[in-house]
Every structure is written in C-alpha cells, then in structure tokens.
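Peer 1: Here is my input; please provide its structure:
(2 chains)
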Amino acid sequence: MNEFVEQFLLESRELVAQATDDLMALEEKPGDRERLDGAFRAFHTLKGAAGIVEFAAMARTLHAAEDILANLRASGEPIASVVLDECLTCLDLTSRWLDHMQAGGDPPPAADVEADDMIARLVGSMDADADGKSAARAASNDWLDRLRVAAGDSFSTAISAIRYVPDPDAFFQGSDPFSLIASLPQLLIVDVALTNQTISLETMNAFNCDLEILALTKAPIAEVRTALLNVADRIEIRQLLAPSVKEDEDYSTPAKSLLEAQIVLLRENVADGLLGRLSSAGRTAVSALRYLGSNESAGEVELATASAQVQHDVEPLILAIERALKRRSKEEVQPTVPAAQVVTPRALRVDMDRIDALVKLTGELIVVKNALGHAAKRIGGNEDTAAIGAILRDQHALFDRLATELQAAVLRIRVLPLRTVFRRFPRLIREIAGSVGKTVRLITEGEDTEADATIVDALFEPLLHVLRNAVDHGIETSERRTASGKPPMGTLVLRGHRVAESVRIEIEDDGGGIDVDRVRAVAGAHGVASAEALAAMSDGEAIDLIFAAGFSTAAAVTDLSGRGVGMDSVKTAVERLGGTVTLQSRPGIGTVVSLILPFSLMMTRVMTVEVVGQAFGLPLDSVVETTIVDRNMIVPIGSGRAFMLRDRTIPLLDLADTLGLSREGIGELPAKVVVVSTSGQIGGIEVDRLGERLDVMLKPMEGLLGNMRGVAGTTLLGDGRVLVVLDVQEMFR
Amino acid sequence: MTVVLHDAHTIRLIGACPSDDGETLLQQILANPMAQIDWRGCESAHAAVVQVLLVSGRPLQGPPAGEFLQRFIGPALARRSVKFDLPPLR
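Peer 2: Below you'll find the predicted structure:
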C-alpha cells in the first residue's frame, strides 16, 4: 500500500468518525447549525480525499450526501430522520470500503454498484422528506421508468442505464454533454428532459445547462463508467441485466485444506483420546473458518464440537465441517468486512507531545551512551577499577530509569481513548432496538479512558455482542416496563474506567435481569452441565453458565441473537486479550457485565520454567508462589493428582503431560511446583526447573494460530529462542 | 452562421452548431414564433442548441444530417414535442 493511500485511509477514518459524531448529535438536536456545518465539512473533505486517490464511487456517493447537507444548510430546516439515517448508512458504506482498501489496497470491485444504490437511497430519502418540494429530485426517482417507456422493446436488451445531469455551468466550461453520451459504446437510446419543467423560451437562459440526459447501452457498467469518468459525480448508473458473475476463487486454500485435513483426522479409527481429538479438530476448524471470514460456519462448528463431545461421536463434527466447506465453495464472496476486520490499522495518529517526550528520552540515552564510552576508555587507561565500577553502576541506574521511561512513553503512543470504539455504538443500538421494537437509549461514560490500540480495536465485537444481548434479552418491551413501574425507554450505560493496570468496561442495563431458573433449565437442556451439578450451583455460578460454550437462552431465534454463538464468544474474545468477564444480575433491576482488560498488551511479566529441556513462560500475575513438594505428598485423585499445601488440597498438573511431551521416568526428587491462581481457583503445575522473572513484549498468536487455546503468546528470549507463554487459565479448564 | 433565418417561416440549422448557436437560435425562435425549424443540413449540434430545441417543443423538419442527431436526439426530441404537434405550414 502506498503512503498516499495510507494517509487517505487514516484521514478518511477520522472524517467518518467526525461526521458520525456530528450526525448523531444532530439526531438529538436536529436544528443544531454547528453540527450540521461540521457534518457538511466532514463529508466535503471526505469527498475531496476520495477524489485524490481516484476512488470515484466513494466521491460520487459522498457528493450526493454532501448535496443533501448543503441543501439543508441553505434551507435552514432541521434534518429529517430518514435523511439522517441514509447519511449514516452512507458513512457505514464508506467505512466498509475503507476496510476493504485497508485489507487489499484497492477499492472494492462492487463499490460502483453499491454507490449507485446508496445515491438512489440518499436522493430517495430527500424525496420522502421533501414530499415533492424539490421537483428535480422528486422526478429523479422515476428516470428508469421514463427510460423504459421511451425505449420500448429495446429496454430488455440494455445492460446499463445512465442518468446524467450535467453541471449547470457545463456550457460555460466549454463541454458538450452530448459528445460524452455519443462516446458511449453500444448506445441504444438517448432521452433528454429538462431538470426544471417551468422553463420556457421566454424565461430560459441559453447558456445555462438545465438538461437531464438519460441513456441506455448494451455496454457493461464498468465500460460506461470509464467513458464518463470525468463527470462521475454527475451521473447515476444502474445495471439492468446482470452479467454472469464469475465465482471468486480467491479464498485462502491452505485454510480450506486444513478443514479437509480435520475431517480425515476425525475419520481415523483411533479409540483413545477421542475427546481431545474432537476438541482440537473443532478448534482448528473454527480458527480456519474465522480466518476465512465464515463466522456463521464457525459458530456452527463450535456447537457441533460441543455436541460431538457430549455424544462421544465424531459424526456431528464431520458433518458440520463438511457443511461449512460446501457453503464456503458456494458462498458468493462478499466484498465486505470479515477479512478486512482482521487487519489492524498500520498507521496511528499520535499527539505531538508524546513524540516530543520520546525525542527527549532519546537525547538522555545518548548522554548515557557517551558516559559509558568514557568509562570504557578509562578501563583501558588502567584506572582504579573500583571508581570505574561506581561510574558504571551510576550509569546503569540511569540507563535503567531511562529504559523504563522509554517503555512507558512508547506504550503511551500505542494507546487510544475508548471513544474510538464507544462512538460506534449509539446508532447501532438505536438500530438494534428498532429492529426488536424496543426503545433504548445508550449513555456512554469515560470515553476518554485509554487503552492499548490493539485492545481498543479488538473490543468492538465483544462489546457489540454484550450490548446486543442487553437490548435483545435484558431490556423489556415498553409495555412490560411500564407495567413494572419503569420508564418505557430502557437505558444502557457503557462505561469505561481505568483501575490500576487494567481497564474496566461495564455494560449496565436496567432490564429484567437474568432469570436464573431459566438459565438452569436451558443449561440442563443443552447439556452444558449435569442436573446434579446444576442443583449444587449457587445462583451466581448458575448465571456464569451463560458464558459456557453452546449456551443460548434466546426463547425465539431473533435476527440478533440465537445464532448459536453466545456469550461464550465474548468470554473467549476477552480472554484472548488477557482479560476477564464477570456478570452481576439483579432480578427486575438489571444486569451489569464487566470486562476487565489489561491496559497494554505489550508488556507482560512472565516467569520461565523448564520442562523436558524446553522453556515455557507463565504469566507472573497468575503465579502465587513456587514450592517444592515431596513425591509422597502427591496423591492421585480420580484421574488427576493433588497435593496438600497449608491444609489445602490443590490439584496438580504435570506440565510435560499437559503439553504432550514425554519424560523419561519420574525421578525420586521432590517435585518443583508453581502454584497459580486463575479465576479465583488455585492449582499447581509441576515443572522440571524454575527459571527467572522477565519483562517481555508478548506477541499474540496471529492468523491461523490466532484462535489457538492454551497459549497466551510468544516472545523472544535474550539468546534468541522463542519462549511460548502459556495461558494458565486454559490449562485448568 | 450556422443558424440561418431562411425566410419568415423557416430557421435552418446548418453544419456543426456550436454552443453559442443556442442563444442565436433562441433569439431567432423568439423573433419568429411561427417559424419551423429545419435541421436537415445539421451535422452536429451542441447540447445548448438541443436544449433550446427541447424547450421550444417545436417539430423539426428532418431528418438531420448527423448520425448521432438522427439516431438518438431526433427521436428524443420527437417524444418531447408531442404536445406541440402542429401541422407543418407548408
């Protein structure tokens, strides 16, 4: 991707965000002139930017929206909600195009068709609102019909229809609109009309172009567009006969063969380790499908994995993977989000102050470097080693301080305010609420709270999921709310704040709370937990079941939820970011879902351990202590082992076993155990050797390995080896 | 001159009519409200000229010489001039 496009993407995203903000504010106060001006400017600048990178479809679409806003500015009338909605949809479309460009560097191929559609919608919304106020616009919706009448039989053979309204100053500018039309390939018919029906010979200005030119051609839309490139913002093109769509073979074959390989693996007739094989095949398939952008298939495979495990049978999973493969090859490739979402922004806008801080630190580091060079010279000069030692110690202390500061400063560069993700929700919530016939308002608090850009970017989906659930299942219908003495409009609060080294995000609704009995019933029915286990659970524990895989309480499968991917996907997503999810619910009052995330993904303190000659890392924040346990203190319990530590029985895992590494006989030496705490539970991990404590830059797993469980990430050791940092929580699952 | 008043009854469009002819034609039509327009000698006409023809709604004596005019513009104007479909004077 060239620098130009990168800059364009960066700026455009900011402009889209700004325009969205302004439009959302306009929704609250439709007459707010300042916001209208702001939105207009944002659209205008966006259009200009699109022009610079020669993204004609985007320029045309934004031009149409800009026209509408310009009219509103001129008329001074408040913006109507239909118009507002279409403008917001237009921004959504633009965002998707930007996502596509970010992923591939080029505008999406379908952009032109989408643009035509969007322009028609924008113009249509204005018509719906203006109620025929503007004759030209009102007339513009029926141009296809007029062409159909004019063309008669030949209409059926046409492929593209064009509507061209030249600039009123076109004649002055020396252009002849007809010469453009005449240049169109395979022209079938031309129709001309006046944009202003009231013009007469007496009143007309022969130097003003008031023409509306319609044309039909047998040429494909792309050719037409090329011919009319210079006037792209004044034309509308519709495709009449769809040219045969060639199936796009562009999906990644390795991921596909990975799916096929899982089927082969599953079909192998090996009796033992069935559950393990099921879960690993299931996870691999889910990863591959997510990678391919088939979230729906991934959800199905996830479910199938669960049911295959319950049934101790490979068939359900094989079937699900086969279905996913089939769908994959049939699926019309959508030029939309999935693939693009994986791509993290490659450029970031940074506050100048933060860069200045870095420059200052660099200067100080150079001073230290010089001081060290000086000390080295003095060693050469056979000076008193004790004195030089003292200098080196001083400089090391200074260097240490600077390195820490530098680290903090770099981290500050990578942070983004939560606003960047929060501001996408108000209108999404409005739409979601509208689609289920509820009225909900969303209040966001603490948008200025900062977190690592990677985390902020990755938060959108889990938050959307939780908010969606809150609207769909949490908040009651207006009637029910009124009946129970609540205001008819539901309230959702999306709140972010910083707590020590973590960022806490709460989603609070004032709905009916979670029906614990229903959760138990559904969990039982879905086989998430056995009847005895359910009976033994406290209400709090039972509510936590909604985070279990394969759980979904949606009574009716609505458009929003009930797709088989429930709150467990939220939990998974948050845990992959190194965070946790908790939920508190009070019947009749509401529910609070809290996501607690690390402030930064970059720095993690780990403890290294060694097993069978290999080093692994354990996140230090989960390590409670290390201890040495005599072999005879370790007792088998069920299929596992446990040991006593200060009168507590603690389950013990052998790291070698867990990782599938074979060890040559257990020695008689006492076991070295790392005691860890995850989700409030204590466990022990037996290792061969305890290593050191390290501050590391943890690199999360990416691509096909992105969904891999049990691994928190990797980092490089001082000697160049790769250290795999384990996800302790996953090991005790 | 590509717009010529032939006599009080006919305005002729001749050759390639540039955009300025729009105004000329408009003035001619206004000055000779009963005149017919003859574009049989017209090779090409700028959109400004076609626009005046469109606003005038007058039937044209054709067909025009230029192919684009004959195939596309003539029929388009004919569809628009239906409401003024006066019988030719001669």
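
Peer 1: tell me the pLDDT at the closest residue to chain B within the stretch 401-550 of chain A?
Peer 2: With CB to the nearest CB, the shortest gap between the stretch 401-550 of chain A and chain B falls at A:Arg427, namely 42.6 Å. Backbone N, C-alpha and C define where each C-beta goes, glycine included. Note on A:Arg427: pLDDT of 74.

Peer 1: Following element in sequence after the helix or strand where it lies, please.
Peer 2: Following DSSP states H and E, one finds A:Arg427 within helix A:425-435. Following helix A:425-435 in sequence order, the next helix or strand is strand A:440-445 (DSSP H and E).

Peer 1: Show me what the next helix or strand along the chain from that following strand is packed up against.
Peer 2: Of the helices and strands lying after strand A:440-445 in sequence (DSSP H and E), the nearest is strand A:450-452. Helices and strands touching strand A:450-452, by 3 or more CB pairs under 8 Å, 6 or more residues apart in numbering or on different chains; DSSP states H and E, are strand A:415-417.

Peer 1: Contacts for the strand it packs on next, please.
Peer 2: With contacts defined as CB atoms under 8 Å, 6 or more residues apart in numbering or on different chains, strand A:415-417 is touched by A:348, A:447-453, A:456-457, A:599-600.

Peer 1: Now do the contacts for the closest residue to A:Gly613 other than its chain neighbours.
Peer 2: With CB to CB, 6 or more residues apart in numbering or on different chains as the criterion, A:Gly613 has its nearest non-adjacent residue at 8.0 Å, and that residue is A:Asp688. Residues near A:Asp688 by CB under 8 Å, 6+ apart: A:609-613, A:656, A:672.

Peer 1: and the two most separated of these?
Peer 2: A:Gly613 and A:Lys672 (14.7 Å; CB to CB).

Peer 1: Of those two, give the one with the bigger neighbour count.
Peer 2: Between A:Gly613 and A:Lys672, A:Lys672 has the larger neighbour count (other CB atoms under 10 Å in any protein chain shown), namely 18 against 9.

Peer 1: Which parts of the stretch 501-650 of chain A are helices?
Peer 2: For the stretch 501-650 of chain A, applying DSSP state H, counting those that start in this stretch gives helices covering A:516-525, A:531-536, A:539-544, A:567-576.

Peer 1: for chain B, which spans come out with low pLDDT?
Peer 2: B:1, B:8, B:81-90 (pLDDT under 70).

Peer 1: what helix or strand does the residue nearest the centre of it sit in?
Peer 2: Most central in chain B under CA atoms, centre = their mean is B:Ile37, positioned 4.7 Å from the mean C-alpha point. For B:Ile37, the element it lies in under DSSP H and E is strand B:36-45.

Peer 1: now that strand, how far from the centre of its chain.
Peer 2: The gap between where strand B:36-45 is centred and where its chain is centred comes out at 6 Å by CA atoms, centre = their mean, to the nearest Å.

Peer 1: Quick check: buried residues in it?
Peer 2: B:36-39, B:42-45 (16 or more other CB atoms under 10 Å in any protein chain shown).

Peer 1: Also stretch A:117-130?
Peer 2: Applying 16+ other CB under 10 Å to stretch A:117-130 flags A:118-127, A:129-130 as buried.

Peer 1: One more: stretch A:384-400?
Peer 2: A:388, A:391-392, A:395, A:398-399.

Peer 1: and what of stretch A:423-441?
Peer 2: A:423-430, A:432-433, A:436, A:438, A:440.

Peer 1: on that earlier part again, hmm, A:Leu26 and the residue of the stretch 401-550 of chain A closest to chain B touching each other?
Peer 2: No - counting by CB atoms under 8 Å, A:Leu26 is not a contact partner of A:Arg427; they are 11.5 Å apart.

Peer 1: List the neighbouring strands of the strand holding B:Ile37 plus their orientation.
Peer 2: The pairing partners recorded for strand B:36-45 under DSSP bridges are strand B:10-17 (parallel), strand B:60-61 (parallel).

Peer 1: Need the ones you listed in TSV (columns: mean neighbour count).
Peer 2: Supplementary listing: the strands paired with strand B:36-45 in TSV, determined by neighbours: other CB atoms under 10 Å in any protein chain shown:
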stretch	mean neighbour count
strand B:10-17	20
strand B:60-61	19
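
Peer 1: which SS class is the residue nearest to A:Ile685 when sequence neighbours are not counted?
Peer 2: Leaving out its chain neighbours, the residue that sits closest to A:Ile685 by CB to CB, 6+ apart is A:Val674, at 4.8 Å. Secondary structure for A:Val674, judged by DSSP: H, G, I helix; E, B strand; the rest coil, is strand.

Peer 1: Kindly report the same for the one 3 residues further on.
Peer 2: Secondary structure for A:Ser677, judged by three-state DSSP, is strand.

Peer 1: Look up how far A:Gly174 lies from the residue lying closest to it once chain neighbours are set aside.
Peer 2: Closest residue to A:Ser677 apart from its sequence neighbours, by CB to CB, 6+ apart: A:Val624 at 5.0 Å. With distances taken as CB to CB, to the nearest Å, A:Val624 is found 81 Å from A:Gly174.

Peer 1: Who has more neighbours out of the two?
Peer 2: A count of neighbours by other CB under 10 Å puts A:Val624 above the other of A:Val624 and A:Gly174, at 14 against 8.

Peer 1: how much space between that one and A:Arg648?
Peer 2: When A:Val624 is compared with A:Arg648 (using CB to CB), they lie 11 Å apart.

Peer 1: Ok, A:Leu23 next?
Peer 2: For A:Leu23, the distance to A:Arg648 - CB to CB - is 58 Å.

Peer 1: Near chain A, which residues of chain B are found?
Peer 2: B:19, B:22-23, B:25-26, B:29-30, B:45-48, B:50-52, B:54-56, B:68, B:72-73, B:75-77, B:79-80 (CB under 8 Å from any CB of the partner chain).

Peer 1: Give me the buried subset of those.
Peer 2: B:19, B:22-23, B:25-26, B:29, B:45-48, B:50-52, B:54-56, B:68, B:72-73, B:76-77, B:80.

Peer 1: Inside helices: which ones of those residues?
Peer 2: Using DSSP state H, the subset of these located in helices is B:22-23, B:25-26, B:29, B:47-48, B:50-52, B:54-56, B:68, B:76-77, B:80.

Peer 1: So which of A:Leu23 and A:Arg648 has more stuff around it?
Peer 2: A:Leu23 (25 against 10).

Peer 1: Which of the helices or strands spans that one?
Peer 2: Here A:Leu23 is assigned to helix A:3-28, by DSSP H and E.

Peer 1: what's the angle between that helix and helix A:425-435?
Peer 2: For helix A:3-28 against helix A:425-435, the angle by axes from the mean of the first three to the mean of the last three CA atoms, to 10 degrees is 60 degrees.

Peer 1: buried sites along the very next helix or strand once past helix A:3-28?
Peer 2: Using DSSP H and E, the helix or strand that follows helix A:3-28 in sequence is helix A:33-52. Judged by neighbour count using 16+ other CB under 10 Å, the buried positions of helix A:33-52 are A:35-36, A:38-47, A:49-51.

Peer 1: So what touches the following helix or strand past helix A:33-52?
Peer 2: Toward the C-terminal end, the helix or strand that comes next after helix A:33-52 (DSSP H and E) is helix A:56-75. Residues outside helix A:56-75 that contact it (CB under 8 Å, 6+ apart) are A:33, A:36-37, A:39-40, A:43-44, A:46-47, A:50-51, A:79, A:83, A:86-87, A:90, A:93-94, A:97, A:107, A:111-112, A:114-115, A:118-119, A:122-123, A:125-126, A:134, A:225, A:229, A:232-233, A:235.

Peer 1: do you know how far B:Asp7 is from chain A?
Peer 2: Separation of B:Asp7 from chain A (CB to the nearest CB, to the nearest Å): 20 Å.

Peer 1: Give me the nearest residue to A:Gln681, chain neighbours excluded.
Peer 2: According to CB to CB, 6+ apart, the nearest residue to A:Gln681 is A:Phe732 (6.7 Å).

Peer 1: So that neighbour sits against A:Gly684, correct?
Peer 2: No - in terms of CB under 8 Å, A:Phe732 does not count as a neighbour of A:Gly684; the distance is 9.9 Å.
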